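Give me the fold of what follows.
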Amino acid sequence: MGVQMRIVKGGEDEKSLVFLVVGCSIRPHAYMYGKKLDDKDAEKASSSHHSKVCRTPPPNHEFSYRWFRGPTVEPCAYEGCPRRTSFSPHDWSKHALGGSGCSLQCVSTQSSLYRATFCNASCFVKAWKTQYTVSGGPNGRNATPTRRRLGSYADDDDTRSVGSVNSARSGMSNYNPPGTPREITIGGTNNTPRANNAAYNDYGGSEEWVEISRDQIYIPNENDIGRKLKVEAAAYSIESGELLMHRVVKTDLVLSRTPVPDKRNLVTSKPAAGGGARFRIVTYNILAEIYATLQQYPHADLWSLSWDFREIIDVGPDIVCLQEVQADHYESHLYNAMHEAGFEGVFKQKTRQAMGMTGKVDGCALFWRRTKFHLIESYSIEFNELAQRQVTQVMGLNPRGEEGSSILNKLSKDNVAQLVVLELAQSLTRPSREPNQVCIANTHLYSNKDYPDVKLWQTLHLLQELETFIMSRGTNLPLMICGDFNSTPDTAVYDLLSRQAVHPGHPDVNLGDDNGPNVLPDIMNITHSHMLRSVYSTVLGEEPKYTNYTLQFKGVLDYMWYSTQNLRPLSAAPIPDEGVLTRYGEALPSTQFSSDHIMQISDMQIVRPQ
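Residues are numbered from 1 along each chain as shown. Below you'll find the model as predicted:
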C-alpha cells in the first residue's frame with residue numbers, strides 16, 4: 001500500500017509540496033496494488049515476516065482516513081530568525097531562505113548547538129558564532145538542559161513529508177489484528193487500542209497529536225498555522241471488514257495565507273461627454289498547473305503557485321477574461337467559485353487532447369457579473385478549424401497532400417478564442433436609446449517566438465471572423481479584444497491590430513524558406529476594417545514595460561484592444577514596478593504573484609457613435 005498526497009488550493013493541483021497554506025485543501029491518494037513475483041522476490045517475501053509484497057492481488061477494499069494536528073514547533077534555533085514567529089509564505093519561500101529551502105541540524109556532540117535545527121544555512125552560520133564546547137559528550141549534556149534546543153523544525157520523527165510513499169511504520173508488527181473496529185486508533189504499543197478522541201504520539205516520543213478530521217480531504221485553517229499535520233490511511237476488506245494495511249504520512253509546516261497584495265491604483269482619463277454605461281474589465285493569464293514546473297520556473301516555490309480567484313474578485317470587475325485556465329480546474333472549482341461570487345461564464349479548451357490525464361489541457365474562460373450583464377450570444381473559434389478551411393476551401397489543396405499537410409502542420413497549434421455578446425441588465429427593465437450591448441473576444445495565441453507568421457495568421461483570421469460576426473448583425477457593436485497575444489509591441493501582430501496593416505518590410509513577413517511553408521496571404525491583403533487602440537497605450541501614453549516577468553523574458557504580451565468609435569477607456573491600473581515584483585522573488589511567479597503574467601485592469605465606457 002502506498003499513500004500519495006495531492007495538494008489542491010482553490011481547486012488548483014500542486015505538483016510538488018514543501019509547505020501547506022491555510023485554505024489549501026489536502027487530498028491524499030491511497031492505493032493498494034499487487035505485483036507478480038519472480039522466484040527471487042517470492043523467496044524474499046517468504047523469508048520476511050513483515051514483507052509489504054503480497055503474493056496475490058489485493059482483495060476488494062475501501063479506505064478510511066484520519067487527520068491529526070501536531071504541537072507547535074520551534075522552526076529555527078537561531079534566535080534572530082524571523083521564521084521563529086512568522087509563518088507567512090513570504091518568509092518561507094526559496095527567496096527568503098536563500099534558495100535552498102533545506103533545514104540543517106547540528107550533529108556535533110561537543111557543541112552547545114547539538115541537535116539544534118536551523119531553517120537554512122545562513123541561520124546556522126549566525127548561530128554557530130555563539131556556540132561553545134560542552135564537555136562530556138551527549139551524556140554530560142543532560143546536566144545542562146537549558147542549553148538544549150527542543151521542538152526543532154526537523155526532528156528525527158518529522159523527516160517524512162507529503163509525497164512519501166512510506167511511513168514510519170513499514171510493517172504490520174504494531175497493528176491490531178484483522179477486524180479491528182474502525183473507531184479505535186491503530187498503532188499503540190502491544191496493540192493497546194486508544195480511544196478515538198485521545199491525543200496520541202505515533203512515534204513513541206513526547207509529542208501529542210490531536211485528531212481533527214475523518215474526511216478524506218482536509219483544509220488547513222488558522223488553528224493549524226505553525227504546526228504539522230498527519231494523515232492515517234487504512235485499507236479495509238469490503239467483505240470481512242479486516243484491516244489490510246495502514247500507513248501514516250506527515251506534512252511540513254502549515255503557513256498562513258499570503259498577505260493581500262498592495263492595492264493597485266487606477267490612472268484615469270477624461271470621460272466622454274454624454275457617454276453611456278460603464279464597466280470594469282480585466283484580462284489575466286493565470287498560469288495553468290500543467291505549465292508550472294521547476295524546469296520552467298526554477299526560482300519559484302511550486303507550493304505557492306496555486307491561483308486564488310479572490311485575486312480577481314477583489315478588484316471588482318464586471319467582465320473577466322482569463323487564459324491558461326485548466327479544464328479540470330474550471331469544472332471542479334473555478335466556475336462554482338465565480339458563480340458564487342455573482343458571475344456567469346463560459347469556457348473553451350484548446351483543441352488538443354489532455355496532457356496525460358483527463359482535464360489536463362488549458363483554454364480560455366470568460367466571465368461576466370450577472371447583475372451587470374446578460375448573455376445574448378456566445379461562440380468559440382478554433383484556429384485549427386480555420387486552418388483546415390484555409391487549406392481546403394481557399395487554397396484548394398488536398399489536406400493529405402505534401403503541400404496541404406505541410407501548411408496544416410504549421411498552422412494547427414490548437415489555439416482558440418471566445419466571443420460573447422453581452423447586454424446591460426438594466427436595459428431589459430429600462431429601455432434606452434443608448435447603446436446597451438458590447439462584444440468581448442478573449443484569446444491566447446501561439447507562444448513559440450520562432451513562428452511570428454503563425455501568430456500573425458491567427459490574428460488576421462480572428463479579426464476577419466469578428467468582422468463577419470459584427471457586420472452580419474447590422475449594428476455598430478462595441479468591441480473589445482483581450483488576451484495573451486504572445487507578441488511584443490514591435491511585432492507584426494501589434495501593427496496589424498493598431499494600424500490595420502503591416503509594413504511590407506517588417507521582419508515577421510520576410511522570414512525566408514527556413515521557416516517552412518508560407519502561410520500568409522499577399523501583404524496587401526493583411527488588413528482589416530476595425531478601428532482599434534490599446535487601452536493601456538491610450539490611458540498611460542505608452543504600453544507598460546512588461547506584462548510577463550520571468551527569468552528568461554520580461555516584456556509585454558497581454559493587451560486589451562477596444563473599438564475607438566463606440567468605446568472609451570476611463571482608467572487603467574499601471575503594472576507594478578520591478579521593486580514590487582521582485583520583493584519576494586527574482587521573478588514571477590512568487591509567493592506574492594501566483595502567475596508569471598500580471599493582471600490588466602481597466603474601466604470602460606460605451607459611447608454613442610459620432
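
where along this structure do the helices fall?
39-47, 94-97, 121-128, 137-140, 310-313, 327-329, 335-340, 383-389, 402-411, 452-472, 492-499, 535-540, 578-581 (DSSP state H).

wait, isn't Asp508 in contact with Thr491?
Yes - taking C-beta atoms under 8 Å as the definition, Asp508 is a contact partner of Thr491 at 5.9 Å. In this view, the C-beta of every residue, glycine as well, is placed from N, C-alpha and C.

So which of the helices of the chain is nearest Leu253?
The closest of the helices of the chain to Leu253 is helix 94-97. By C-beta to C-beta, the value is 12.5 Å.

which other residues reach the closest one?
Contact with helix 94-97 is made by 90, 100-101, 119-120, 299-301, 584-586, 590-591, as judged by C-beta atoms under 8 Å, 6 or more residues apart in numbering.

related to what we said a few turns ago, quickly list what's touching both of Asp508 and Thr491.
With C-beta under 8 Å, 6+ apart as the test, Asp508 and Thr491 both reach Pro452, Leu456.

residues contacting Ala365?
Here Ala365 is in contact with Val320, Leu322, Val325, Tyr330, Leu334, Gly345, Val346, Phe347, Lys348, Asn442 (C-beta under 8 Å, 6+ apart).

Show only the entries of those found in strands.
Here DSSP state E is the test, and the contacts of Ala365 give Val320, Leu322, Val325, Gly345, Val346, Phe347, Lys348, Asn442 as lying in strands.

Which members of these are the farthest-apart pair?
That would be Val320 and Lys348, which, of those, are the farthest apart (C-beta to C-beta) at 14.4 Å.

neighbour count winner among these two?
Set Val320 next to Lys348 and count neighbours by other C-beta atoms under 10 Å: Val320 wins out with 26 against 23.

what about Cys321, how many neighbours?
Neighbour tally, Cys321, other C-beta under 10 Å: 29.

Same question for Asn510.
Around Asn510 there are 12 other residues, counting by other C-beta under 10 Å.

I'd like the distance between it and Ile523.
According to C-beta to C-beta, to the nearest Å, Asn510 stands 9 Å off from Ile523.

swap in His461?
From His461 to Ile523 the distance is 16 Å (C-beta to C-beta).

again with Asp490
18 Å.

quick one: which of these two has more around it?
Ile523 (16 against 13).

Could you report the pLDDT at the nearest residue to the more buried one once chain neighbours are set aside?
Nearest residue to Ile523, sequence neighbours excluded (C-beta to C-beta, 6 or more residues apart in numbering): Pro504, at 4.8 Å. Per-residue pLDDT puts Pro504 at 97.

same thing with Val260?
79.

I'd guessed it sits against Glu311; true?
No - the criterion here is C-beta under 8 Å, and Val260 misses it with Glu311 at 9.1 Å.

Phi first, then psi, for the residue nearest to Ile523.
With angles defined as degrees, to the nearest 10, Pro504 sits at phi -60, psi -30.

That one: neighbour count?
11.

quick one: it and Val519, what's the gap?
17 Å.

Gly316 reaches Phe279, doesn't it?
No - using C-beta under 8 Å, Gly316 makes no contact with Phe279, being 10.6 Å away.

residues contacting the nearest residue to Thr488 once chain neighbours are set aside?
Closest residue to Thr488 apart from its sequence neighbours, by C-beta to C-beta, 6+ apart: Gly555 at 5.1 Å. Gly555 makes contact with Thr488, Lys545, Tyr546, Thr547, Asn548 under the criterion C-beta under 8 Å, 6+ apart.

Considering those, which possesses the most neighbours?
Of the contacts of Gly555, with other C-beta under 10 Å as the count, Thr547 tops at 24 neighbours.

Please list all residues in contact with that one.
Contacts of Thr547 (C-beta under 8 Å, 6+ apart): Gly555, Val556, Leu557, Asp558, Ile575, His597, Ile598, Gln600.

make it 7 Å
Neighbouring residues of Thr547 by C-beta atoms under 7 Å, 6 or more residues apart in numbering: Val556, Leu557, Asp558, Ile575, His597, Ile598, Gln600.

From Cys482, how far off is it?
12 Å.

list the residues that contact both of these two?
By C-beta under 7 Å, 6+ apart, no residue touches both Thr547 and Cys482.

neighbours of Ile403, just the number please.
Residue 403: Glu, not Ile. 13.

Run through the residues that contact it.
Glu403 neighbours (C-beta under 7 Å, 6+ apart): Leu397, Pro517.

picking that back up, common neighbours of Val260 and Glu311, please.
What both Val260 and Glu311 touch, as defined by C-beta under 7 Å, 6+ apart, is an empty set.

More neighbours: which of the two?
The neighbour count for Val260 versus Glu311, taken as other C-beta under 10 Å, is higher for Glu311 (19 against 10).

Just the closest of the contacts of Gly555 to Val231, please.
Nearest to Val231 out of the contacts of Gly555 is Asn548 (C-beta to C-beta; 37.8 Å).

wait, that closest one sits on Gln600?
No - using C-beta atoms under 7 Å, Asn548 makes no contact with Gln600, being 11.4 Å away.

How about Asp215, nearest residue that isn't a chain neighbour?
Sequence neighbours aside, Tyr65 is the residue nearest to Asp215 in space, at 6.9 Å (criterion: C-beta to C-beta, 6+ apart).

What does the pLDDT read for Gly274?
On the pLDDT scale, Gly274 gets 66.

Distance to Arg84, pLDDT and neighbour count added to the contacts of Thr547, as a markdown table?
A markdown table is the format used below for the contacts of Thr547 (distance: C-beta to C-beta, whole Å; pLDDT from 0 to 100; neighbours: other C-beta atoms under 10 Å):
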| residue | distance to Arg84 | pLDDT | neighbour count |
| --- | --- | --- | --- |
| Val556 | 42 | 98 | 23 |
| Leu557 | 41 | 98 | 22 |
| Asp558 | 40 | 98 | 26 |
| Ile575 | 35 | 98 | 22 |
| His597 | 35 | 97 | 23 |
| Ile598 | 33 | 98 | 22 |
| Gln600 | 39 | 98 | 23 |
